[in-house]
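Novice: Sequence and predicted model, in that order:
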Amino acid sequence: MSDISRAEVAVVACAELFRGDGEIVVSPMGFIPSLGARLARLTFEPDILLSDGEAYLMTPDAVVEGWQPFRKVLDTVVPRGKRHVVMGANQIDGEGNQNISAIGDHSRPKKQLLGVRGGPGNTANHRTSYWVPRHGKRVFVDQVDVVSGVGHARAREAGLRYHDVHRVVTNLGVLDFGGEDHAPRLLSVHPGVSVDEVVEATSFPLITDGVTESRLPTESELLLIRTSLDPKSLRDKEVPS
């Protein structure tokens, strides 16, 4: 297979978020993160359990070990269990704070969005990553207008012992907050994207030492994406090449 699309690279980058997670619940919110989680489960992380999205068996020949209603997941796994959440973000700043609540001054916002939703609880209790389909300065801002997901400085002040903002995957590349004192870093750029392009599309400074190119999908991964997980190529509508 050839002609690998930007969307397929993004799916693989989202799958890589879960590498090494082992037997945990993962909550990928959004189409591309869900494709990534399902791809990871079908390949290198077979023990992850998806909690969000359409309920269908990816391995229909497997033994069904048990059943648990979703309300029990909220009682057990969500407050105190091992979980990796992937959320979207209308804004992210250089400290890793995320906003999905409102744009503009809190007393009179220009736009009302989802509200903080599960952002505070997810970032306080579980590993959290973010997916941004359109990397630009309107998303990657100097300071978020409303803190929904908690960043590193606020987590440190609040003594949040389980706080773990892992990575941010976008249509241009992959970032994390692994620099000194959790400074934001650019880890990789997708094929065809330059480091300068990502830097120019980000309002806060990025550490760019050691930037690599994002991994391409293997032949078997491409086959799964194109024939099993997303045969209608809806991924290309979210991330055009």
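Specialist: In hand now; what should we look at?

Novice: For the chain, which helix or strand comes out least confident on mean pLDDT?
Specialist: Comparing helices and strands within the chain by mean pLDDT, DSSP states H and E singles out helix 77-80 as the least confident, with a mean of 60.

Novice: Tell me the helix or strand right after that one.
Specialist: Along the chain past helix 77-80, the next helix or strand (assigned with DSSP states H and E) turns out to be strand 83-88.

Novice: Quick check: next helix or strand after that following strand?
Specialist: Of the helices and strands lying after strand 83-88 in sequence (DSSP H and E), the nearest is strand 91-92.

Novice: by contact count, what packs against that following strand?
Specialist: The helices and strands touching strand 91-92, judged by 3 or more Cβ pairs under 8 Å, 6 or more residues apart in numbering; DSSP states H and E, are strand 98-99. In this view, the C-beta of every residue, glycine as well, is placed from N, C-alpha and C.

Novice: Next, the residues that contact the strand it packs on from outside, please.
Specialist: For strand 98-99, the external contacting residues (Cβ atoms under 8 Å, 6 or more residues apart in numbering) are 87, 89-92, 113, 119, 123, 130, 144-149, 151.

Novice: which pair in these spans the largest distance?
Specialist: When the contacts of strand 98-99 are compared pair by pair using Cβ to Cβ, the two farthest from each other are L113 and G151, 17.8 Å apart.

Novice: Among these two, which residue is more densely surrounded?
Specialist: Between L113 and G151, counted using other Cβ atoms under 10 Å, the more crowded position is G151 (21 against 17).

Novice: So what does the more buried one look like in phi/psi?
Specialist: Backbone geometry at G151, expressed as degrees, to the nearest 10, gives phi -90, psi -180.

Novice: can you map out the helices along the protein?
Specialist: Along the chain, counting by DSSP state H, helices occupy 6-16, 31-42, 70-75, 77-80, 119-125, 152-158, 195-200, 219-223, 235-238.

Novice: Point out where this protein drops to low pLDDT.
Specialist: Along the chain, the model assigns pLDDT under 70 to residues 1-2, 52-68, 70, 73-81.

Novice: Centroid-nearest residue for it?
Specialist: Y130 (3.2 Å; Cα atoms, centre = their mean).

Novice: Surely that residue and N90 touch.
Specialist: No. Look at Y130 against N90 with Cβ atoms under 8 Å: they stay out of range, at 10.5 Å.
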